[in-house]
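**Student:** fold the stuff below for me.
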Amino acid sequence: MSAAIDYSYHAVGETSKGHRIWIENLMLERNGFTAGAIYTRRISSDRKIIVLELIDNPEQTAAQETFTVSKTASGTPIVYIRNKTISAIFGGHERVVVEYKQGVIEISLHNVCKLSAERVKRFRENLSKGELTEGTFCAGVGMSTLGIHEGFKKHGISIKTSWVLDREQRFLDAAIKNNPAVTRETSVINGKMEELDTRKLTPVDIFQFSMSCRVYTKASLAKKKRAVAENHEDAAGVYGIFKSLEPINPAVIVSENVREAKGSATYIILKAVLQELGYNVYEFTLDNEQSGSFENRPRYWFVAIDKNLPEIIPEAIPAYTRQYSTFADVMSAAPANDSAYEWRTPTQARVEKIVRDKEKGNGFSNQPMLYPHSTSAPTVRREYLKNGSTDVQIAGDGGTYRMLTPEEHCVMKSAPLSLIAGLTKTLAHEVLGQGVDMGQSIGLAELVCLCVTGQVKRTAADLKPEQQNLF
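**Tutor:** Numbers count the residues shown, from 1 in each chain. Take a look at the predicted model:
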């Protein structure tokens, strides 16, 4: 029966005389490295590996430098390595893994450090060529996917979408039909994150994802009487994120969700894991003060970027000027859609429910009517066409009202109308309602691009760019 292989993980220390590796344990002894044992040391700079090998007769290796295993006061063996070569091989990394076999020890880069080196190298090479790769989970019609493209394009960097995933085939069909970011070179995957075979994915420079907002919203928690957000059928989606991180090994990760997600157990654990994997995490709460959109859709975002890439400067995110000052401007910008103009008179039951909802503070808005002079609109949800008492409406004459047209909804989110071309009214509202404020997505993409290309640095006196137009 062969002996088992042992492993231990160690920090690369730093001293005034160079970097060091300190190994002190009984795994040394059980693999032959007892106190007083003599060993040689071979260093492979190309492979970033150090091999320690026991020798029985030091006289036979007179031409090689030899070393002796020392010990603690209690007799525990110690192997201590410090020289300039260590600094050259491991100096830029925080941890190593030690593999113990009988008579041989191999020291190599920690897996997390290897992954970091690989993704940073790939990212820098692709950035120098002017084209980065991207993949999106929970893509929908691809609003955030397109947002990344638009933000980087403003600074001369193109994005190639390697793959998109969503569990709704209807949404993916709309993306295939209408989204220029989803090309024939893009792998389109219909399925849930948690069921995905990660071998179907290729490594990407930028990874975007969301998770079902129904897990975290106050309305959903109250409706289902859930005390814990994760007590929901969609909570398993985070498993798909975790198992995909190493295979796709992105240098930059961008995520969007409702504000309540920020303090959830899911996101707290997710951020801790990303930090353990070598990322710095930056958090944002964005609304139309930044995006310039007519819809005010406050959302929680985070950007995780490899620690060996430039830091993100949150205060440097671009703030865009408002394209539409009033709802009258929105209506003028949205193509006429006579088939969607259905004026209704509220029933007494609906009026009474609106009053009750206002008193209780329910819903996305406590004032769900839009007038030509209105200067913003509350969040429009995915199931907008259910015509709930807290869904925003357009006020008409004599107490009548109508719902938003898909075109008005699209304009309010700063999204191109081409994204919903040819879609049914229901599908158009769904993909928009579960999508993002495009101004937020483009703004974060611009911010990342500005930082990784060195156009914005922490030392700058005035970090925040002047307000500019979104498109």
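
**Student:** what's the mean pLDDT across stretch 308-322?
**Tutor:** For stretch 308-322, mean pLDDT is 96.

**Student:** straight-line length of that stretch, end to end?
**Tutor:** Distance between the two ends of stretch 308-322: 36 Å, counting by CA to CA, to the nearest Å.

**Student:** and that stretch, how far out from the chain's middle?
**Tutor:** On the basis of CA atoms, centre = their mean, to the nearest Å, stretch 308-322 sits 15 Å off its chain's mean C-alpha point.

**Student:** quick one: buried residues of it?
**Tutor:** 308, 309, 310, 312, 313, 316, 317, 318, 319, 320, 322 (16 or more other CB atoms under 10 Å). No exception for glycine: its C-beta is placed from N, CA and C like everyone else's.

**Student:** was I right about the last one contacting residue 292?
**Tutor:** Yes. Between residue 322 and residue 292 there is a contact under CB atoms under 8 Å: 5.0 Å.

**Student:** would you put the C-alpha positions of stretch 265-272 in CSV?
**Tutor:** Output of stretch 265-272 as CSV, limited to C-alpha atoms (Å, rounded to 0.1, in the frame of the first residue of the first chain):
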residue,chain,number,x,y,z
ALA,A,265,-26.6,36.2,4.1
THR,A,266,-26.1,35.2,0.4
TYR,A,267,-24.3,38.4,-0.5
ILE,A,268,-22.3,38.6,2.7
ILE,A,269,-21.0,35.1,2.1
LEU,A,270,-20.4,35.8,-1.6
LYS,A,271,-18.4,38.9,-0.9
ALA,A,272,-16.3,37.0,1.7
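
**Student:** still on that earlier bit, which ones among the buried residues of stretch 308-322 are found in strands?
**Tutor:** When DSSP state E defines the strands, the subset of those inside them is empty.

**Student:** what's the farthest-apart pair in those?
**Tutor:** Greatest spatial distance among the buried residues of stretch 308-322 (CB to CB): 308 and 322, at 38.1 Å.

**Student:** just how off-centre is whichever helix in the chain runs longest within its chain?
**Tutor:** Criterion DSSP state H: the longest helix present in the chain is helix 111-129. Distance, stretch centre to chain centre, for helix 111-129: 17 Å (CA atoms, centre = their mean).

**Student:** could you do stretch 153-170 as well?
**Tutor:** 13 Å.

**Student:** same thing with stretch 344-351?
**Tutor:** In terms of CA atoms, centre = their mean, the centre of stretch 344-351 is found 43 Å from the chain centre.

**Student:** tally of neighbours for residue 449?
**Tutor:** Residue 449 has 23 neighbours, counted by other CB atoms under 10 Å.

**Student:** so what does it look like in phi/psi?
**Tutor:** When read as degrees, to the nearest 10, the backbone of residue 449 gives phi -60, psi -50.

**Student:** next one: residue 71
**Tutor:** Main-chain torsions, residue 71, degrees, to the nearest 10: phi -150, psi 160.

**Student:** just residue 452 next, same as before
**Tutor:** Per degrees, to the nearest 10, the backbone of residue 452 is at phi -70, psi -20.

**Student:** in contact with it, which residues?
**Tutor:** Residues near residue 452 by CB atoms under 8 Å, 6 or more residues apart in numbering: 123, 127, 252, 305, 309, 310.

**Student:** mind checking the end-to-end distance for stretch 329-348?
**Tutor:** Stretch 329-348: ends 32 Å apart by CA to CA.

**Student:** give me the buried positions along it.
**Tutor:** Buried-residue list, stretch 329-348, by 16+ other CB under 10 Å: 329, 330, 331, 333, 334, 340.

**Student:** the first one and residue 439, how far apart?
**Tutor:** Between residue 329 and residue 439 the computed distance is 16 Å (CB to CB, to the nearest Å).

**Student:** got it, and the fourth one?
**Tutor:** In this view, residue 333 and residue 439 are 15 Å apart by CB to CB.

**Student:** burial of the spatially closest residue to residue 214 that is not a sequence neighbour, as a residue count?
**Tutor:** Ranked by CB to CB, 6 or more residues apart in numbering and with sequence neighbours excluded, the top spatial neighbour of residue 214 is residue 220, at 4.8 Å. Using other CB under 10 Å, residue 220 has 18 neighbouring residues.

**Student:** what's the per-residue pLDDT of residue 220 here?
**Tutor:** So residue 220 comes in at 79 (pLDDT).

**Student:** please, where are all the helices along the stretch 1-150 of the chain?
**Tutor:** Under the criterion DSSP state H, counting those that start in this stretch, the stretch 1-150 of the chain contains helices at 26-30, 84-90, 111-129, 143-153.

**Student:** for the last one, which residues meet the burial criterion?
**Tutor:** The reference is to helix 143-153. 143, 144, 145, 146, 147, 148, 149, 150, 151, 152.

**Student:** Serialize those residues to JSON lines and add fields for pLDDT and distance to residue 277.
**Tutor:** Below are the buried residues of helix 143-153 laid out as JSON lines (pLDDT from 0 to 100; distance: CB to CB, whole Å):
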{"residue": "143", "pLDDT": "98", "distance to residue 277": "27"}
{"residue": "144", "pLDDT": "97", "distance to residue 277": "22"}
{"residue": "145", "pLDDT": "98", "distance to residue 277": "23"}
{"residue": "146", "pLDDT": "98", "distance to residue 277": "27"}
{"residue": "147", "pLDDT": "98", "distance to residue 277": "25"}
{"residue": "148", "pLDDT": "97", "distance to residue 277": "21"}
{"residue": "149", "pLDDT": "98", "distance to residue 277": "26"}
{"residue": "150", "pLDDT": "98", "distance to residue 277": "28"}
{"residue": "151", "pLDDT": "98", "distance to residue 277": "24"}
{"residue": "152", "pLDDT": "98", "distance to residue 277": "24"}
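
**Student:** of these, closest to residue 267?
**Tutor:** Closest to residue 267, out of all of the buried residues of helix 143-153 and judged by CB to CB, is residue 144, at 17.0 Å.

**Student:** surely the closest one and residue 435 touch.
**Tutor:** Yes. Residue 144 is within contact range of residue 435, at 7.5 Å (criterion: CB under 8 Å).

**Student:** where are the low-confidence patches of the protein?
**Tutor:** Within the chain, the stretches with pLDDT under 70 are 58-63, 339-340, 350, 354, 357-367, 458-471.

**Student:** please redo it, this time with the cut-off set to 50
**Tutor:** 364, 460-463, 466-467, 471 (pLDDT under 50).

**Student:** show me the domain layout of it.
**Tutor:** Domain ranges of the chain: 6-109, 117-322+441-452, 327-433, per automatic domain parsing.

**Student:** ranking the ones you listed by burial, who's on top?
**Tutor:** Greatest average neighbour count among the domains of the chain goes to domain 117-322+441-452 (a mean of 19), per mean count of other CB atoms under 10 Å.

**Student:** appreciated, that's everything.
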